[in-house]
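S.K.: Show me the folded form of this:
(chains A and B)
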Number of protein chains: 2
Amino acid sequence: MDKTKYFEDFEQGSVYSYTVPGLTTSQITEFARLYDPQLFHLDEEEAAKTHFGGLVASGFQTQLLCFRPFCEMALINSGAVGAPGIDSLKWLRPWYPGENLDVSVTLISKRLSSKRTDRGYLSFEMKASTNSEPVLSMNWVVIMMTLKATILD
Amino acid sequence: MDKTKYFEDFEQGSVYSYTVPGLTTSQITEFARLYDPQLFHLDEEEAAKTHFGGLVASGFQTQLLCFRPFCEMALINSGAVGAPGIDSLKWLRPWYPGENLDVSVTLISKRLSSKRTDRGYLSFEMKASTNSEPVLSMNWVVIMMTLKATILD
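M.R.: Got it, this is the predicted structure:
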């Protein structure tokens, strides 16, 4: 049985680790047609002429596919109620077809809201790499309800 | 006939303005199932119980749908070769079904690379709002090849 997790249940220093499977060229081009139709995400021949040397995934696709497993592991069945934004997102290297990504997400800090007693803020840092080469890093904050708030409801 | 644009063709202060049509609830839930399966993006009844008061789009979907028209207006048919990351992304208000977004993207600054003579950096600021209420802001840099580099090739 899944237990809903609240602010109190998250421990600073916790790490979520997983692998994101490499993409096929058609997974890359289908995403690009919908959201980021630049030639180096759409067309292998054109991409080969750029400094990428070949087709590369949209950085937005990298971001989303690295996020999804974390969402399932940490946010579903929790008191998460969104995020105010992303403090930093870095695309450190292109993501080429077929490359698996090793991802780890660390809870680097947590604090209660100073204004509202029913919630706190969890600061996460994501690092994704392939063959030990960094591909993406992302820092952001998740708003998490407290167990205390739920009990008082 | 489209003319490919290079670093030299972009003017500081240029503004790209457009409207992103409001989403249906099924467009929101389909995206969420693929990329961000939190209940307030997936299920209207469950979303109504949260502080959102109803179904809201994943912030990643907001980001992508605000980006795509800009990509078509400014980056396709240009010497753009990606971006090093996103410096700041803020989700300022949830995006509810049916709300059109008014988006403007301003080229706030440009500079040549100090290390590589073939490219420069364009700093963009995106603002999206609905009924004058801010929904999203995003600041990021696009790497843009120079016309000079192309001529020398």
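S.K.: Quickly note the distance from residue A:142 to residue B:137.
M.R.: Distance, residue A:142 to residue B:137, by Cβ to Cβ, to the nearest Å: 19 Å. For glycine as for every other residue, the C-beta is placed from the backbone atoms N, C-alpha and C.
S.K.: Could you check which of those two is surrounded by more residues?
M.R.: Ranked by neighbour count (other Cβ atoms under 10 Å in any protein chain shown), residue A:142 and residue B:137 place residue A:142 first, with 24 against 17.
S.K.: residues making contact with stretch A:60-72?
M.R.: Contacts to stretch A:60-72, defined as Cβ atoms under 8 Å, 6 or more residues apart in numbering or on different chains, come from residues A:16, A:18, A:20, A:23, A:28, A:31-32, A:35-36, A:89, A:91, A:95, A:101, A:103, A:105, A:124, A:126, A:128, A:135-136, A:138, B:34-38, B:60, B:63-64, B:67.
S.K.: per-residue confidence averaged over that stretch?
M.R.: Mean pLDDT, stretch A:60-72: 98.
S.K.: May I see the buried residues of that stretch?
M.R.: By neighbour count with 16 or more other Cβ atoms under 10 Å in any protein chain shown, stretch A:60-72 contains the buried residues A:60, A:61, A:62, A:63, A:64, A:65, A:66, A:67, A:68, A:69, A:70, A:71.
S.K.: any idea which element the first one lies in?
M.R.: This means residue A:60. Using DSSP states H and E, residue A:60 maps to helix A:59-70.
S.K.: Please point out which parts of the next helix-or-strand element following that helix sit buried.
M.R.: Tracing the chain past helix A:59-70, the next element assigned as helix or strand by DSSP H and E is strand A:85-91. Across strand A:85-91, burial judged by 16+ other Cβ under 10 Å covers A:85, A:86, A:87, A:89, A:90, A:91.
S.K.: what's the closest non-adjacent residue to the fourth one?
M.R.: Nearest-residue entry for residue A:89: residue B:86, 4.1 Å, with adjacent residues in sequence omitted and distances by Cβ to Cβ, 6 or more residues apart in numbering or on different chains.
S.K.: Would you enumerate the residues in contact with that neighbour?
M.R.: When contacts are counted by Cβ under 8 Å, 6+ apart, residue B:86 touches A:86, A:88, A:89, B:138, B:139, B:140.
S.K.: Beta-bridge partners for it, please?
M.R.: Beta-bridge pairing for residue B:86 (DSSP bridges): residue A:89, residue B:140.
S.K.: For residue B:73, see how far away it is.
M.R.: 19 Å.
S.K.: Same check on residue A:63?
M.R.: Counting by Cβ to Cβ, the gap from residue A:63 to residue B:73 is 22 Å.
S.K.: same question, residue A:61
M.R.: With distances defined as Cβ to Cβ, the gap from residue A:61 to residue B:73 amounts to 21 Å.
S.K.: Also residue A:91?
M.R.: According to Cβ to Cβ, residue A:91 stands 22 Å off from residue B:73.
S.K.: what's the answer for residue A:135, then?
M.R.: Residue A:135 sits 28 Å away from residue B:73, going by Cβ to Cβ.
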